[in-house]
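*Asks:* quick one, fold the following:
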Amino acid sequence: MNGGPDSRGWLACCLSGAVFAVCMAGTTLPTPLYSLYQDELGFSELMVTVVYAVYAFGVIGVLLLAGNASDAIGRRPVLLVGLGCAAASAVCFLCATALGWLFAGRLLSGLSAGLFTGAATAYVMELAPRQGSSRASFVATAANMGGLGCGPLLAGILAQYAPWPLHLPFIVHLALVAVSVLILLGLRETVAERRPLSTVRPQRPGLPPEVRAVFRPAALASFVGFALFGVFTSVSPAFLSEFLDVDNHALSGLIVALAFFASVAGQSAVGRIGEQRSLSLGCVGLLGGLVLLAAAIWWQLLPLIVLSAVLGGAGQGLAFRAALSQVASASPPDRRAAVISTLFVVAYLGISVPVIGVGVLSDHIGLQDAGLVFIASMAVLVAWAGLHLLRRPAVKGQ
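*Replies:* Predicted structure coming up:
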């Protein structure tokens with residue numbers, strides 16, 4: 001780089017990516033801390049999964065009601081509101097003396113992620129030099145999934161090796177959010193023609209007929225991938241503690257983080273592998289991750305948990321980025337935003353509904369058997385998606 005416009009463009013792109021990562025890290029920050037909250041506040045495994053899943057409903061609500069707000073009022077205002085929600089979420093966790101604070105914190109966290117998901121992805125790509133769209137897309141992907149991975153890793157390390165385990169992670173995150181606000185205020189706005197907030201309308205999920213054949217396997221793979229992440233980030237720390245005697249919060253956070261970092265690696269490989277093969281390979285990776293997770297639960301082996309996080313995470317990354325690209329390409333331009341919103345709604349349902357199901361079952365048949373039922377159900381869905389892909393003709397050029 002020579003200090004010219006391209007250099008400044010990449011700097012702005014990376015800075016906005018860092019802000020994106022800070023926001024997403026806040027959404028997974030409580031992951032290794034749930035067992036501490038259980039001891040402190042005395043609630044069941046079911047309630048852990050419900051608290052976790054509230055986040056997804058916040059994301060879905062924003063995507064449907066205001067997912068296109070940044071197109072109207074600008075990227076920076078929406079992202080600043082998102083950072084405000086992230087800060088408010090951290091404050092709720094700092095004040096958490098009852099279960100209601102956790103629900104409020106998770107809901108605000110979901111609102112922040114919902115505001116960032118579309119707006120920050122677009123902002124990162126718009127700030128990059130025009131000829132670097134592929135590289136900018138990877139920056140956005142890495143910021144999103146990498147930030148999700150950094151949250152449990154940071155919280156786990158601080159909870160294990162620093163004082164105030166239920167407070168220091170959120171104090172650090174508040175400081176990072178404050179720095180992010182300053183960075184955002186120093187970046188330029190990329191929406192040239194802004195409109196009043198009153199012009200923003202709710203987006204209805206929609207599937208034009210020409211998208212449906214592509215959408216079905218893409219949506220199923222996305223659902224299973226996000227469901228796998230949901231279980232890793234909600235109940236895996238409890239499983240590690242209950243069955244493997246792993247009470248090290250840093251290790252629990254690292255295992256969860258590995259799944260997200262593997263997803264970044266999987267998404268980065270889509271360009272080289274091709275979308276059609278990436279979606280198929282992603283389904284294979286997800287199935288392999290589920291099988292390894294089942295073996296880990298059955299034989300109670302920590303190495304298999306680690307391998308399932310890596311393989312399942314890589315499969316999720318391959319499948320989701322390929323699914324997103326294929327669905328976007330198959331959508332008519334005037335319906336593309338609605339179709340992509342529908343895919344994200346399905347994905348975030350995956351991160352909530354099955355997780356609550358695991359919580360309900362664990363109260364009746366135990367965490368181990370509930371995990372096996374979940375794995376069997378998700379394996380059937382991802383196998384169906386894989387078979388559907390084998391029967392579908394390859395898209396030309398993939």
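*Asks:* spit out the contact partners of G105.
*Replies:* When contacts are counted by C-beta atoms under 8 Å, 6 or more residues apart in numbering, G105 touches 30, 89-90, 92-93, 96. Every residue, glycine included, has its C-beta placed from N, CA and C.
*Asks:* export the residues you listed to TSV and tack on pLDDT, distance to L46 and secondary structure?
*Replies:* Converted to TSV, the contacts of G105 look like this (pLDDT from 0 to 100; distance: C-beta to C-beta, whole Å; DSSP: H, G, I helix; E, B strand; the rest coil):
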residue	pLDDT	distance to L46	secondary structure
P30	95	17	coil
S89	98	22	helix
A90	98	25	helix
C92	98	21	helix
F93	97	20	helix
A96	96	18	coil
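*Asks:* send me the worst-scoring helix or strand of the chain on mean pLDDT as CSV with only the CA atoms.
*Replies:* Here the helix or strand of the chain ranked lowest by mean pLDDT, DSSP states H and E is helix 336-350, holding a mean of 83. Output of helix 336-350 as CSV, limited to C-alpha atoms (Å, rounded to 0.1, in the frame of the first residue of the first chain):
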residue,chain,number,x,y,z
ARG,A,336,-33.4,-9.9,-3.0
ALA,A,337,-33.5,-8.1,0.4
ALA,A,338,-36.7,-9.9,1.4
VAL,A,339,-35.3,-13.3,0.3
ILE,A,340,-32.1,-12.8,2.2
SER,A,341,-34.0,-11.6,5.3
THR,A,342,-36.0,-14.8,5.0
LEU,A,343,-32.8,-16.9,5.0
PHE,A,344,-31.5,-15.1,8.1
VAL,A,345,-34.9,-15.6,9.9
VAL,A,346,-34.6,-19.3,9.2
ALA,A,347,-31.0,-19.3,10.4
TYR,A,348,-31.8,-17.5,13.6
LEU,A,349,-34.8,-19.7,14.3
GLY,A,350,-32.2,-22.5,14.1
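*Asks:* list the contacts for P196?
*Replies:* 72-73.
*Asks:* what about L64, how many neighbours?
*Replies:* Using other C-beta atoms under 10 Å, L64 has 18 neighbouring residues.
*Asks:* that one against F344, yeah?
*Replies:* No - L64 lies out of contact with F344 (C-beta atoms under 8 Å); the separation is 9.5 Å.
*Asks:* ok, now which ones touch A322?
*Replies:* A322 sits next to 218, 270, 275-276, 278-279, 282 when contact means C-beta under 8 Å, 6+ apart.
*Asks:* of those - the most surrounded one?
*Replies:* Tallying neighbours with other C-beta under 10 Å puts G282 at the head of these, with 34 neighbours.
*Asks:* for V181, see how far away that residue is.
*Replies:* With the distance defined as C-beta to C-beta, to the nearest Å, G282 ends up 36 Å from V181.
*Asks:* ok, of the contacts of A322, which one's closest to L36?
*Replies:* G282 (34.1 Å; C-beta to C-beta).
*Asks:* state the distance from that closest one to F239.
*Replies:* G282 is 24 Å from F239, by C-beta to C-beta.
*Asks:* also G285?
*Replies:* Note on G285: its distance to F239, by C-beta to C-beta, is 21 Å.
*Asks:* over to G366?
*Replies:* With distances taken as C-beta to C-beta, G366 is found 11 Å from F239.
*Asks:* who has more neighbours out of those two?
*Replies:* Using other C-beta under 10 Å as the criterion, G366 and F239 rank with F239 on top: 24 against 13.
*Asks:* and S16, what helix or strand is that in?
*Replies:* According to DSSP states H and E, S16 maps onto helix 5-28.
*Asks:* chain center to that helix, what's the gap?
*Replies:* When distances are taken as C-alpha atoms, centre = their mean, to the nearest Å, helix 5-28 is centred 16 Å away from the chain's centroid.
*Asks:* stretch 163-180 now?
*Replies:* 20 Å.
*Asks:* now it: average pLDDT?
*Replies:* Stretch 163-180 carries an average pLDDT of 98.
*Asks:* contacts for it next, please.
*Replies:* Stretch 163-180 has contacts (C-beta under 8 Å, 6+ apart) with 18-19, 22-23, 25-26, 29, 33, 36-37, 40, 83, 86-87, 90-91, 93-94, 96, 154-155, 158-159, 162, 249.
*Asks:* keeping just the C-alphas, turn that stretch into PDB.
*Replies:* Output of stretch 163-180 as PDB, limited to C-alpha atoms (Å, rounded to 0.1, in the frame of the first residue of the first chain):
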ATOM      1  CA  PRO A 163     -11.200 -10.900  39.500                       C
ATOM      2  CA  TRP A 164     -14.900 -10.200  39.300                       C
ATOM      3  CA  PRO A 165     -15.800 -12.900  36.800                       C
ATOM      4  CA  LEU A 166     -19.400 -11.700  36.400                       C
ATOM      5  CA  HIS A 167     -18.400  -8.100  36.000                       C
ATOM      6  CA  LEU A 168     -15.000  -7.600  34.400                       C
ATOM      7  CA  PRO A 169     -15.900  -9.100  31.000                       C
ATOM      8  CA  PHE A 170     -18.700  -6.600  30.600                       C
ATOM      9  CA  ILE A 171     -16.600  -3.600  31.900                       C
ATOM     10  CA  VAL A 172     -14.000  -4.500  29.200                       C
ATOM     11  CA  HIS A 173     -16.700  -4.700  26.600                       C
ATOM     12  CA  LEU A 174     -18.100  -1.400  27.600                       C
ATOM     13  CA  ALA A 175     -14.600   0.100  27.100                       C
ATOM     14  CA  LEU A 176     -14.400  -1.500  23.700                       C
ATOM     15  CA  VAL A 177     -17.800  -0.200  22.700                       C
ATOM     16  CA  ALA A 178     -16.700   3.400  23.800                       C
ATOM     17  CA  VAL A 179     -13.600   3.100  21.500                       C
ATOM     18  CA  SER A 180     -15.900   1.800  18.700                       C
END
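*Asks:* tell me which residues of it are tucked away?
*Replies:* Residues of stretch 163-180 classed as buried: 165-170, 172-174, 176-177, 180 (neighbour count, 16 or more other C-beta atoms under 10 Å).
*Asks:* give me the below-cutoff pLDDT ranges for this structure.
*Replies:* Within the chain, the ranges that satisfy pLDDT under 70 run 1-5, 334, 337, 392-398.
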